[in-house]
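Enquirer: this one's sequence-less:
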Ligand SMILES: Cc1cc2nc3c(=O)[nH]c(=O)nc-3n(C[C@H](O)[C@H](O)[C@H](O)COP(=O)(O)OP(=O)(O)OC[C@H]3O[C@@H](n4cnc5c(N)ncnc54)[C@H](O)[C@@H]3O)c2cc1C
């Protein structure tokens, strides 16, 4: 249980970052994780149909606690919850219990992020009209009493990092959109996106003509089921069963023109949509490490080896102390980052070179430390650590994934270097791809 009155809590979540409202949300999700997810966390990855454990839990979070309407503005029946810090605290608590569940919820938030930005930020009327059309059409499903799922559908089979990479200006995007009268017509395929195959709503990242790069870039909302949209099989992953991933095929998919936004305005919103999750996934990752640490602390306190509880041996204390130290630094870093994302008026735009460098620097630090430390810790549990019902091995499986998403750790380092020198990591140029003809 998260004891918000302890001195350690106050030192970990300082008042300068975490206000009363954020603390309440954090406590709600912490208690939910302890009561509803922790007792079944070893069974989640074996719930292949999602019917027994995963969907009932998701329904409680997304409908019962209002998760699926968090990013919908109040005038459309949602909670209008735009605080990155609160969202990161929530993801930390869910990630502490199960990263797949946590990722599922975060990605429904993600589908709304582009129109939330369009709605909230001081942007031209075109963006406002797009946000209005999308919220009016799709918010009712997400503010109702049934589980509704969102998918930010960007990645593609031929390298997803290249699609994210701003230096490529959308030129590697394979999914084509064209305007025919009052409709968008979409063709091509996507791969990997969280919640793909079970989503009620996709935000699809398209290009109308790769030669034109940003000018032909488009973000288009596509609901499901919908004529021309189909999927492959669900991927069988190392862990994270709570998060579904598959291909999405678009075969002459037609949607109304007002569900899409094109050109530099859409590109600017896209870049911000990619920057937004840095603090959230850093929160997830910190939660994963905290979850593993808690298991290890308990187990090594009870298990006797070499004549005393394992954690009384100094080699064990070295590992536990190192984990606690990384958790402390990671938490400080993601809270500070989230605070800075919440105050663009002071720290600059999310998609500025410096903010991207800061966001990725923090994200890469936490996500790359995770698997290394959790793997070190497993030795203290001996064979018991390798067994599902002892709750530890899942954190290792989950941790590996945290450093692969959002372009992966290497891409994160490239964007960090951009703050200091003009590093070229685009897909085009001598010895690389030719510019699209
Ligand atoms: C569980 C899970 C959830 C996901 N959720 C989503 C989602 O919700 N939406 C979505 O759209 N996608 C999602 N993804 C996809 C994810 O974002 C991509 O997998 C990720 O961006 C990496 O892309 P990739 O796997 O194609 O690797 P690649 O792009 O092939 O990159 C592999 C490696 O190539 C190297 N590399 C990449 N770019 C460069 C460069 N410019 N220069 C030099 N080296 C380079 C790096 O070493 C990199 O790690 C998810 C993936 C998983 C596994």
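Expert: Arrived safely, thanks for sending. As the structure is a prediction and not an experimental result, all values here were calculated from the model.
Enquirer: Residue numbers of the stretch 151-300 of the chain in contact with the ligand?
Expert: Within the stretch 151-300 of the chain, the positions adjacent to the ligand are 152-155, 159-162, 164-165, 192-194, 240, 243, 245 by CB under 6 Å from any ligand atom. For the C-beta atoms, the positions are set from N, CA and C on the backbone; glycine is no exception.
Enquirer: again, only using 5 Å
Expert: Neighbours of the ligand within the stretch 151-300 of the chain, by CB under 5 Å from any ligand atom: 154-155, 159-161, 192-194.
Enquirer: Looks like residue 100 contacts residue 41 (just checking).
Expert: No: using CB atoms under 8 Å, residue 100 is not in contact with residue 41; the gap is 10.1 Å.
Enquirer: Have a look at these two and say which one is more surrounded.
Expert: residue 100 (26 against 20; other CB atoms under 10 Å).
Enquirer: how much space between the more buried one and residue 404?
Expert: Here residue 100 is placed at a distance of 14 Å from residue 404 (CB to CB, to the nearest Å).
Enquirer: cool, residue 327 as well?
Expert: 21 Å.
Enquirer: which helix in this structure runs the most residues?
Expert: Longest helix in the chain, counting residues (DSSP state H): helix 314-341.
Enquirer: Could you list the buried residues of the next helix or strand after it?
Expert: Counting by DSSP states H and E, the next helix or strand C-terminal to helix 314-341 is helix 344-347. Across helix 344-347, burial judged by 16 or more other CB atoms under 10 Å covers residue 347.
Enquirer: What is helix 344-347 packed up against?
Expert: Judged by 3 or more CB pairs under 8 Å, 6 or more residues apart in numbering; DSSP states H and E, helix 344-347 is in contact with helix 314-341.
Enquirer: and the helix it packs on, how far out from the chain's middle?
Expert: 20 Å (CA atoms, centre = their mean, to the nearest Å).
Enquirer: mind listing what's buried in it?
Expert: 316, 319-320, 323, 326-327, 330-341.
Enquirer: now swap in stretch 416-429 and tell me
Expert: Going by 16+ other CB under 10 Å, stretch 416-429 has these buried residues: 416, 418-419, 425-428.
Enquirer: start to end distance for it?
Expert: 22 Å (CA to CA, to the nearest Å).
Enquirer: what does that stretch rub up against?
Expert: 159, 162, 165, 167-168, 171-172, 353-354, 356-358, 360-361, 364, 411, 414, 432-435 (CB atoms under 8 Å, 6 or more residues apart in numbering).
Enquirer: give me that answer again for 6 Å
Expert: 162, 167-168, 172, 353-354, 357, 360-361, 414, 433, 435 (CB atoms under 6 Å, 6 or more residues apart in numbering).
Enquirer: what mean pLDDT does it have?
Expert: Mean per-residue pLDDT for stretch 416-429: 97.
Enquirer: And for stretch 107-115?
Expert: 98.
Enquirer: any residues touching it, and which ones?
Expert: Outside stretch 107-115, the residues touching it (CB under 6 Å, 6+ apart) are 68, 71, 131, 134, 149-152, 194-195, 201, 203, 219, 269, 273, 276.
Enquirer: hmm, which two among the residues you listed are most spread apart?
Expert: Spatial extent of the contacts of stretch 107-115 (CB to CB) is set by the pair 131 and 194 at 22.4 Å.
Enquirer: Neighbour count for those two, which is higher?
Expert: residue 194 (27 against 24).
Enquirer: What strand or helix carries the residue nearest to that one when sequence neighbours are not counted?
Expert: Leaving aside its sequence neighbours, residue 194 sits nearest to residue 107 (CB to CB, 6 or more residues apart in numbering; 3.9 Å). Assessed by DSSP H and E, residue 107 sits inside helix 99-120.
Enquirer: following that helix, which helix or strand shows up next?
Expert: Next along from helix 99-120, by DSSP H and E: helix 125-142.
Enquirer: tell me which residues in that next one are buried?
Expert: So, applying 16+ other CB under 10 Å, buried residues of helix 125-142: 127, 130-135, 138-139, 141-142.
Enquirer: export these to CSV and tack on distance to residue 305 and pLDDT?
Expert: Formatted as CSV, those follow (distance: CB to CB, whole Å; pLDDT from 0 to 100):
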residue, distance to residue 305, pLDDT
127, 61, 98
130, 61, 98
131, 59, 98
132, 63, 98
133, 63, 98
134, 58, 98
135, 58, 98
138, 56, 98
139, 56, 98
141, 54, 98
142, 51, 98
